[in-house]
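Novice: give me a 3D structure for the following:
(one chain, ligands or ions: 1)
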Amino acid sequence: MDEHCIEAVELLYHYLDGELTDERRSLIQHHLDDCPPCFEAYDFEAELRIIVRQKCRDRVPEALVLRVAAALRQVETASE
Ligand SMILES: [Zn+2]
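Specialist: This next block holds a predicted model:
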């Protein structure tokens with residue numbers, strides 16, 4: 001990794017968080033176009049974020065929670 005890469009990787013996290021100015025964003029975009037290792041790192045991070053975001057949104061369905069709660073209640077009443 002050269003100096004630009006280190007800089008780019010550091011900025012990458014802000015880039016992914018959408019915390020960069022347009023100027024810096026285009027700088028990174030430019031570096032990513034020229035530098036396959038950084039592009040791959042970006043790609044991985046971007047995918048990871050998307051996955052995490054999806055996982056956070058897809059919480060446990062309420063129907064499942066209710067079913068589990070009902071099952072637990074049944075177990076409780078059966079043991080009484
Ligand atoms: Zn690079």
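
Novice: and for Y15, the neighbour number?
Specialist: Residues contacting Y15 under the criterion other Cβ atoms under 10 Å number 21. Just so you know, the C-beta spots here come from the backbone N, C-alpha and C atoms, and that holds for glycine as well.

Novice: L12 now?
Specialist: When neighbours are defined as other Cβ under 10 Å, L12 has 20 of them.

Novice: now it. Nearest residue, chain neighbours left out?
Specialist: Y42 (5.7 Å; Cβ to Cβ, 6 or more residues apart in numbering).

Novice: what is the host helix or strand of that neighbour packed up against?
Specialist: Under the criterion DSSP states H and E, the helix or strand holding Y42 is helix 36-57. Other elements packing on helix 36-57 under the criterion 3 or more Cβ pairs under 8 Å, 6 or more residues apart in numbering; DSSP states H and E are helix 3-17, helix 22-34.

Novice: so does the longest one get close to the ion?
Specialist: What that stands for is helix 3-17. Yes: looking at helix 3-17 against the ion by Cβ under 5 Å from the ion, the contacts come from C5.
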